[in-house]
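Asker: Test case, fold it:
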Amino acid sequence: MPDKPIFHSVLAKIFPSAIPENRFINQISAKFSELGFQKHNSIACVGVCRDELTYSLFQAVEAAWGPAFNISSLAGMIYIGKTGFNAAHTHSPYVDERERYIYFAMPHIAISDAGEIGVCSRPGLVELSNACGALELFRQAHVNGDLDLELHLNDLEYTLLKSKLTKRLAGVSSPDLLTLTQTAYEVILSDLEEMIGLTVDNANSDYAVITGIQIHGPEINYVSPGKIYGVVNGEMQIVNI
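Answerer: This next block holds a predicted model:
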């Protein structure tokens, strides 16, 4: 019986394809190396939540591909726009007359050792905490019917998060945190692919899209793989993990 049996039971039930984060990155690195994406010829762009619990993914990506361009925001949303993506692309090595971009984009969620979804402990804190905190804040406001969708420049990222999730959740009355995380994933993937369509020139660039949901366990982090593919010389190749 594995340590933390309740955690592993819940993880297997709601994220049956989840694997330890480091193993995920190792497998991704090997798969995309075969497609030509290597440390010396690619720039990684990482979009995760600003929560410090997500940094392990950022660090694992940098260990595999070197310094990464940060496209992160609250809940892992992508708000840097065309200017940000174009800036990232100009930082790519130019090797064999190609630029190569590797995009990681993931929301996150916690599962406690007792199997509580969205609950985690943090060093130095007595009380249990939430992850994703921004999505939990949105959930509470949504359930209470007091979502403020006005644009607030002093709270820009959360305002944009609320706007995008509310549109995607039309007709859903009381979403739980797992539903919100899955909805955030859908928004992030859609926004990422839109930005790629607006900024990537397939004539001289190849790119990789690596998405999923980052899961914080009581001891290590996991990843539930989402849509993963590479586009090389304009042709899409699906990658299975």
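
Asker: Name the residue closest to the centre of this structure, please.
Answerer: The residue lying closest to the centre of the chain (Cα atoms, centre = their mean) is M106, at 0.9 Å.

Asker: Check whether C120 really touches G133, as I assumed.
Answerer: No - at 9.9 Å, C120 does not count as touching G133 under the criterion of Cβ atoms under 8 Å. For glycine as for every other residue, the C-beta is placed from the backbone atoms N, C-alpha and C.

Asker: More neighbours: the two, which one.
Answerer: Higher neighbour count among C120 and G133: C120, with 22 against 18, using other Cβ atoms under 10 Å.

Asker: Tell me, how many residues neighbour the nearest residue to the more buried one once chain neighbours are set aside?
Answerer: Distances taken as Cβ to Cβ, 6 or more residues apart in numbering put A110 closest to C120, at 3.6 Å, once the chain neighbours are dropped. Residues within reach of A110, counting by other Cβ under 10 Å, total 27.

Asker: next helix or strand past the helix ranked longest in the chain?
Answerer: Counting by DSSP state H, the longest helix found in the chain is helix 177-199. Per DSSP states H and E, the first helix or strand lying C-terminal to helix 177-199 is strand 205-216.

Asker: and the residue nearest to the residue nearest to the centre of the chain when sequence neighbours are not counted, how far is that from H108?
Answerer: Nearest residue to M106, sequence neighbours excluded (Cβ to Cβ, 6+ apart): Q214, at 4.8 Å. Noted for Q214: a distance of 4 Å to H108, by Cβ to Cβ, to the nearest Å.

Asker: List the contacts of the closest residue to A75 other than its chain neighbours.
Answerer: Excluding the flanking residues, the one nearest A75 by Cβ to Cβ, 6+ apart is A134, at 4.6 Å. A134 makes contacts with C49, L74, A75, Y158, L161, as judged by Cβ atoms under 8 Å, 6 or more residues apart in numbering.

Asker: Which residue ranges of this protein form helices?
Answerer: So, for the chain - with DSSP H - the helices run 5-14, 21-34, 55-65, 81-90, 133-144, 156-168, 177-199.

Asker: So what's the residue count around the residue nearest to M106?
Answerer: Residues near Q214, counting by other Cβ under 10 Å: 28.

Asker: isn't it right next to A60, touching?
Answerer: No - applying Cβ under 8 Å as the test, Q214 and A60 come out as separate, 10.6 Å apart.

Asker: what stretches of this protein score poorly on pLDDT?
Answerer: 1-3 (pLDDT under 70).

Asker: Now stretch 115-128: buried residues?
Answerer: G115, G118, V119, C120 (16 or more other Cβ atoms under 10 Å).
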